[in-house]
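S.K.: fold the following.
(chains A and B)
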Number of protein chains: 2
Amino acid sequence: MSLPKNVRLVEVGPRDGLQNEAQPISVADKVRLVDDLTDAGLAYIEVGSFVSPKWVPQMAGSGEVFAGIRQREGVTYAALAPNLRGFEDALAAGVKEVAVFAAASEAFSQRNINCSISDSLKRFEPIMESARSQGVRVRGYVSCVLGCPYEGRISAEQVAPVAKALHDMGCYEVSLGDTIGTGTAGDTRRLFEVVSAQVPRAQLAGHFHDTYGQALANVYASLLEGISVFDSSVAGLGGCPYAKGATGNVASEDVVYLLQGLGIETGIDLNRLIAAGLRISEVLGRATGSRVAKARGVR
Amino acid sequence: MSLPKNVRLVEVGPRDGLQNEAQPISVADKVRLVDDLTDAGLAYIEVGSFVSPKWVPQMAGSGEVFAGIRQREGVTYAALAPNLRGFEDALAAGVKEVAVFAAASEAFSQRNINCSISDSLKRFEPIMESARSQGVRVRGYVSCVLGCPYEGRISAEQVAPVAKALHDMGCYEVSLGDTIGTGTAGDTRRLFEVVSAQVPRAQLAGHFHDTYGQALANVYASLLEGISVFDSSVAGLGGCPYAKGATGNVASEDVVYLLQGLGIETGIDLNRLIAAGLRISEVLGRATGSRVAKARGVR
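M.R.: From the prediction side, this is the model:
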């Protein structure tokens, strides 16, 4: 067993997290959250999404958030660009790295973005072309990699071609997301075994939800497969849109605690990260979703 | 990587769980819980503790609980016997298997049972002798194996001699408990590597608390070390006495879900187990601590 010595966390709380919280918060509160995360030592923060506020009111003002945050040298501040319009808006806001989003489940793709997987990939082509010409890096997400709320179980063989397509079209990294959190450790290992035949392990990331309590076991299983990049959300922001009262994104604090225990370096100050999570939880008027924060005797 | 094909869960909810819930419940409710667990297919249930109700009011009436439950052939119904008096009371109640309890931390032993580790082991000698002569099996617990609320980190080298002493004095199985839930996967693996030099792996069990969210990752790490017996508590009964609002014992439902995902047989019906957990949670007037139960859309 040889684990990676360093892990990079991709902090998705300000985007994936806040997007799935019921209540939109102010630009000032978002700026404060991102600044807190910068101060905690995160090297990659997904700051917002350039999408119509009619569809996703929680992401309104992402341009103002980018204008307001302190950008520390060496830290990546990224945005989700669901389409070319969003991509252009992101660029106009000075964003240097974007993320695009496909699904491994046909039914999820249809219901979530109203088109087939293959159509969704085609729509990224102009984004990729423009990104290439302007020196903007693009990260790819694949959702529903271990299960789908409509189709049930998803096989690694369904995920591999989608991950390969994103990689082939120029995504420098592809994040595999267990969107509904049903996956367990053995499936996680098999997923990376199969997908890594198409995309090198160094260009794959794991994105786990803790809905069934499996996220940290899946992170550990991924580490054993040589994966060294993980998405997580401070305070477990986001919840689970498919099961009321259940948890969604794994809490960054809990992942950092695991990694510290394994002697893996992240560059993150756990105490400052906990403090950032408690502050945003207070803004949202909810308890933190981080077990580590709770165990330290705070809500 | 070769995982065990079968795992035995030791259900500690009715004892370790209820003992740490603030509110004592009736004998009838306890009987119902144990019967529900029998019906769910648990092969081992720790039913109660023979201890003075002055000290632990939650465990009052353990004899009546034993008298009231349906005992299914092939299922072990055990009790904790903290001392010789408790052991004799357990035998008088018809108990066929008992558990004894030591700590890997000197400070915890002093504060929890008011004597040194070595004195606590000496006190078990008359129990072991009597048990041997009467054909009663004894299981041993070691607490604080990865951390102590008073001493902090505990090394595997501190645990090994205590586990060996219990094994040498006749415990057929020794359960290693991360009482405060601070341990992570790498420490868990090292723990079993070191302790298994003194006690065979087939006679070791893992007992994890989810306080820091690490329990399932630790179960998975233990499986990779060849451990095939785990203690768990339905609905996560028990909470954490050291951190208000935090979780304690890992929920049996969540462990079963992980094991099913890994293709490991337990003989347990997950739906019936979830139902048993929801019923006792309702009796206690609290939400279930099982993520799987919550994810299925119920509280």
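
S.K.: remind me which helix or strand residue A:66 belongs to.
M.R.: Assessed by DSSP states H and E, residue A:66 sits inside helix A:62-68.

S.K.: now that helix, how far from the chain's geometric center?
M.R.: 19 Å (Cα atoms, centre = their mean, to the nearest Å).

S.K.: could you check the top helix by length along chain A and say which residues are buried?
M.R.: If you go by DSSP state H, chain A has its longest helix at helix A:117-134. Within helix A:117-134, the residues that count as buried by 16 or more other Cβ atoms under 10 Å in any protein chain shown are A:117, A:120, A:121, A:123, A:124, A:127, A:128, A:131. Glycine gets a C-beta too; all of them are placed from N, C-alpha and C.

S.K.: ok, now stretch A:103-121?
M.R.: A:103, A:104, A:105, A:106, A:108, A:109, A:110, A:112, A:113, A:117, A:120, A:121.

S.K.: please enumerate the strands of the stretch 51-200 of chain A.
M.R.: A:76-80, A:97-103, A:137-143, A:147-148, A:152-153, A:173-178 (DSSP state E, counting those that start in this stretch).

S.K.: tell me which other helices or strands the first one touches.
M.R.: Applying 3 or more Cβ pairs under 8 Å, 6 or more residues apart in numbering or on different chains; DSSP states H and E, we find strand A:76-80 packed against strand A:44-49, helix A:62-68, strand A:97-103.

S.K.: which other helices and strands contact the first one?
M.R.: If you count contacts as 3+ Cβ pairs under 8 Å, 6+ apart, strand A:44-49 packs onto strand A:8-11, helix A:27-39, helix A:62-68, strand A:76-80.

S.K.: which one of the ones you listed lies nearest to residue A:159?
M.R.: Nearest to residue A:159, of all the helices and strands packed on strand A:44-49, is strand A:8-11, at 18.4 Å by Cβ to Cβ.

S.K.: now for that closest one, which elements pack on it?
M.R.: By 3+ Cβ pairs under 8 Å, 6+ apart, strand A:8-11 packs against strand A:44-49, strand A:229-232, helix A:252-261.

S.K.: run through who's touching the shortest one.
M.R.: This means strand A:229-232. A:7-13, A:16, A:173, A:175, A:177, A:204-208, A:219, A:222, A:249-252, A:254-255 (Cβ atoms under 8 Å, 6 or more residues apart in numbering or on different chains).

S.K.: one step back: nearest to residue B:166, out of the helices and strands packed on strand A:44-49?
M.R.: Short answer: strand A:8-11, nearest of the helices and strands packed on strand A:44-49 by Cβ to Cβ, at 40.6 Å.

S.K.: and residue A:76, how far is that from residue A:145?
M.R.: For residue A:76, the distance to residue A:145 equals 23 Å [Cβ to Cβ, to the nearest Å].

S.K.: out of these two, which sits in the more crowded spot?
M.R.: residue A:145 (32 against 18; other Cβ atoms under 10 Å in any protein chain shown).

S.K.: just checking, that one touches residue A:159?
M.R.: Yes: here residue A:145 lies in contact with residue A:159, judged by Cβ atoms under 8 Å, at a distance of 4.8 Å.

S.K.: intersection of neighbour lists for those two?
M.R.: Contact criterion Cβ under 8 Å, 6+ apart; residues shared by residue A:145 and residue A:159: A:104, A:176, A:191.

S.K.: need these in JSON lines with pLDDT and distance to residue A:266, can you?
M.R.: Output for the shared contacts of residue A:145 and residue A:159, formatted as JSON lines (pLDDT from 0 to 100; distance: Cβ to Cβ, whole Å):
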{"residue": "A:104", "pLDDT": "97", "distance to residue A:266": "28"}
{"residue": "A:176", "pLDDT": "98", "distance to residue A:266": "20"}
{"residue": "A:191", "pLDDT": "98", "distance to residue A:266": "23"}
